[in-house]
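Undergrad: based on what follows, work out the 3D shape:
(2 chains)
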Amino acid sequence: MNQPAKKSSVWLPPLLAGAAILALWYAVIAAFSIPTYLLPAPHEILHALWRERGALLPAALRTGGSALAGFFAAVGGGAVVAVALASSRLVKAALLPWVLVVQMVPVVVLVPIFVIWWGAGLPSILAIAFVISFFPVVASTTLGLVSTDRGFLDLFSVLQASNAQEIFLLRLPSALPYFLSGVKIAATLAPIGAISGEFLAGTTPNSLGYLLLIYRSDPGKMPEVFAIAMVTCALGFLFVGAVQLLSWRLLRHWHESARRGE
Amino acid sequence: MTASQPASVALEAVGKRFDGGPEVLASVTLTARPGDFVSLIGPSGCGKTTLLRLLAGLTLPSAGAITLDGVIPAEARGHLSFIFQEPTLLPWLSAQRNVELPLRLQGERAAARRERARELLRLVGLEAAAAQYPWQLSGGMKMRVSLARALTRQPGLLLLEEPFAALDELTRNRLNEDLLRWREQAPFTAFFVTHSVGEAVFLSNRIFVLAANPGRIAAEVVTPFPYPRTAELRESPEYLQLVARVTNLLRANRNPSAEKSAP
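TA: Okay, here's the model as predicted:
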């Protein structure tokens, strides 16, 4: 009796809220007679989604691929840089503040720079997806590597562990939740980076960002613009969901740490 | 596995001052014979934990000399174990793998260390929990795993930093009795830091009462009860008298400035 009640309490409120928002959406459009080119109705968006599937699906794959490439490069590169930063107190003290400062530079500023360096097109798009997701991985992994529990370090010291043992059996595993929370942030940012890159530095119409450019220049294609928003949401969901699953698989034994990594 | 004999411990005019800070310990001199169970008791800030960390070689004395079986602590590390206030179990390892850790770090073969870990989990009564992870264990069970881990290398000197402070009284009493029982099977010298007078009297043959500002030995009490000791000891009038005497000593040497901050 208790169990199903508990389950429905998880999915029921968001479902009801969703229905309420849809109802409000239609009500607002009807009440103020808002034209489609300003705010399309939900069914018009779904219709556009279906009508443009031939363009949207390949574009989503292309954008997803760029995001994935940038994401993997960021996670791999970020982990390596974090280990390098954490390996020496001096190196970390000297460079970590700069890592945090550089992270503040918004993508819109980076795009023209990258375009000047590599021209508009795929290299710049990949560079943006990479840069936007790289720094969170570096920052949180470095933090994880240097915040190993004092008690564990004392334990390893009393047990006469070698430096290599301390790194591989203690520091790296205890940084895992931090690393994964960095990866989670990277997973949300990589698709955003890819689409922004395509929007600002794209050259071919086979990507979401570039399609957005085309659709928004035609006032009749407002439902298509919203359809792209939906596809982008789905893409981000896929990325974060995959990382969430991986994170849960890796940390399910930790329990508390797994919750801390959320 | 080389079983260590119970170690002898000597502190000669040991002082400790953390850079620039006040003196934490001043001129502490004491010796412990092999097999002694020494309790260190005193108010907060009397340096008892620092004393333990000095014995483990986790920090170095600023004055005086410490020797364990004639060598400095850093060289005696293979023969000592430290039990921290927290169980300090690695959350990503099962109980079994946590107990194996000291042997794994020593480069012991997997089969041998698995065997030894099982043996110790049996000793502490947690055979059935071998595959469980720390979060699945209660506070008392975690401390048992921590004790099993400390005993894997058969230490000659066991250093315990208020290991049972966070446990309820019944669990604590059980663990006190078990600790003495395990010591009968594989003897070691012990230094035990505690806030509990009853625990100190029950476990040790020698109790050092420390005073603060700077940390120093104020009194030594020798307990007359022979080992092995059992739970009944706690009900004997001699035990209760001794608890009262040590409590009085503790009160007499309490730091007046600590009075205000005491809860």
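Undergrad: list phi and psi for residue B:222.
TA: Taking degrees, to the nearest 10, you get phi -100, psi 130 for the backbone angles of residue B:222.
Undergrad: pull the number of nearby residues for it.
TA: Using other C-beta atoms under 10 Å in any protein chain shown, the number of residues around residue B:222 comes to 9. From N, CA and C alone the C-beta is placed, and that goes for glycine too.
Undergrad: quick one, phi/psi of the spatially closest residue to it that is not a sequence neighbour?
TA: Once its chain neighbours are removed from consideration, residue B:222 has its nearest residue in residue B:206; the separation is 5.7 Å (C-beta to C-beta, 6 or more residues apart in numbering or on different chains). The phi and psi torsions at residue B:206 (degrees, to the nearest 10) take the values phi -140, psi 130.
Undergrad: stretch A:178-185 near chain B anywhere?
TA: No. When contact is scored as C-beta under 8 Å from any C-beta of the partner chain, no part of stretch A:178-185 falls within range of chain B; the minimum is 12.5 Å.
Undergrad: list of residues touching that stretch?
TA: For stretch A:178-185, the external contacting residues (C-beta atoms under 8 Å, 6 or more residues apart in numbering or on different chains) are A:75, A:78-79, A:82, A:133, A:136-141, A:143-145, A:147, A:240, A:243-244, A:246-247, A:250-251, A:261-262.
Undergrad: near chain B, which residues of the stretch 101-250 of chain A show up?
TA: Where proximity means C-beta under 8 Å from any C-beta, the interface of the stretch 101-250 of chain A facing chain B comprises A:149, A:151-152, A:154-162, A:165, A:169-170, A:173-174, A:176.
Undergrad: just those residues: which are in strands?
TA: When DSSP state E defines the strands, the subset of those inside them is empty.
Undergrad: mind giving me the ChimeraX select for these, buried ones only?
TA: Restricted to buried positions by 16 or more other C-beta atoms under 10 Å in any protein chain shown, the ChimeraX selection for these reads:
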select /A:152,154,155,156,157,158,159,161,165,169,170,173,174,176
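Undergrad: for the helix or strand that contains residue B:51, which helices and strands make contact with it?
TA: Secondary structure assigned from DSSP states H and E places residue B:51 in helix B:48-55. In terms of contact count using 3 or more C-beta pairs under 8 Å, 6 or more residues apart in numbering or on different chains; DSSP states H and E, helix B:48-55 is assigned the packing partners strand B:9-17, strand B:23-32, strand B:37-41, strand B:63-68, strand B:157-161, strand B:189-194.
Undergrad: hang on, the earlier thing: pull out the buried residues from the contacts of stretch A:178-185.
TA: With burial judged by 16+ other C-beta under 10 Å, the buried subset of the contacts of stretch A:178-185 is A:75, A:78-79, A:82, A:133, A:136-141, A:143-145, A:240, A:243, A:247, A:250-251, A:261.
Undergrad: in strands only, show me these.
TA: Helix and strand membership here follows DSSP E; of the buried ones among the contacts of stretch A:178-185, not one is in strands.
Undergrad: identify those among the residues you listed that sit within helices.
TA: Using DSSP state H, A:75, A:78-79, A:82, A:133, A:136-141, A:143-145, A:240, A:243, A:247, A:250-251 are the members of these that sit in helices.
Undergrad: residue ranges of the helices in the stretch 1-150 of chain A, please?
TA: Shown for the stretch 1-150 of chain A, the helices assigned by DSSP state H, counting those that start in this stretch span residues A:2-31, A:42-51, A:53-87, A:89-103, A:107-118, A:122-146, A:150-158.
Undergrad: ok, and which of those helices has the densest surroundings?
TA: When neighbours are counted by mean count of other C-beta atoms under 10 Å in any protein chain shown, the highest per-stretch mean among the helices of the stretch 1-150 of chain A falls to helix A:122-146, a mean of 24.
Undergrad: quick one: distance of that one to the chain centre.
TA: For helix A:122-146, the gap between its own C-alpha mean and the chain's C-alpha mean amounts to 11 Å (C-alpha atoms, centre = their mean, to the nearest Å).
Undergrad: what angle sits between that helix and helix A:107-118?
TA: Angle, helix A:122-146 to helix A:107-118, by axes from the mean of the first three to the mean of the last three C-alpha atoms, to 10 degrees: 120 degrees.
Undergrad: tell me what helix A:122-146 is packed against?
TA: On the basis of 3+ C-beta pairs under 8 Å, 6+ apart, helix A:122-146 makes packing contacts with helix A:53-87, helix A:89-103, helix A:107-118, helix A:172-201.
Undergrad: check contacts around residue A:100.
TA: If you count contacts by C-beta under 8 Å, 6+ apart, then residue A:100 has A:135, A:139 around it.
Undergrad: if we can go back for a sec, now tabulate the helices of the stretch 1-150 of chain A in CSV and tack on mean pLDDT.
TA: As requested, the helices of the stretch 1-150 of chain A are exported to CSV (pLDDT from 0 to 100):
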stretch, mean pLDDT
helix A:2-31, 85
helix A:42-51, 94
helix A:53-87, 94
helix A:89-103, 85
helix A:107-118, 89
helix A:122-146, 93
helix A:150-158, 94
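Undergrad: could you dump the ones you listed to CSV with distance to residue B:133?
TA: Below are the helices of the stretch 1-150 of chain A laid out as CSV (distance: least, C-beta to C-beta, whole Å):
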stretch, distance to residue B:133
helix A:2-31, 25
helix A:42-51, 45
helix A:53-87, 25
helix A:89-103, 31
helix A:107-118, 41
helix A:122-146, 20
helix A:150-158, 16
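Undergrad: out of those helices, nearest to residue B:32?
TA: Among the helices of the stretch 1-150 of chain A, the nearest to residue B:32 by C-beta to C-beta is helix A:150-158 (18.6 Å).
Undergrad: and the residue of the stretch 51-200 of chain B that's closest to chain A?
TA: With distances taken as C-beta to the nearest C-beta, the stretch 51-200 of chain B approaches chain A most closely at residue B:135, which sits 3.6 Å away.
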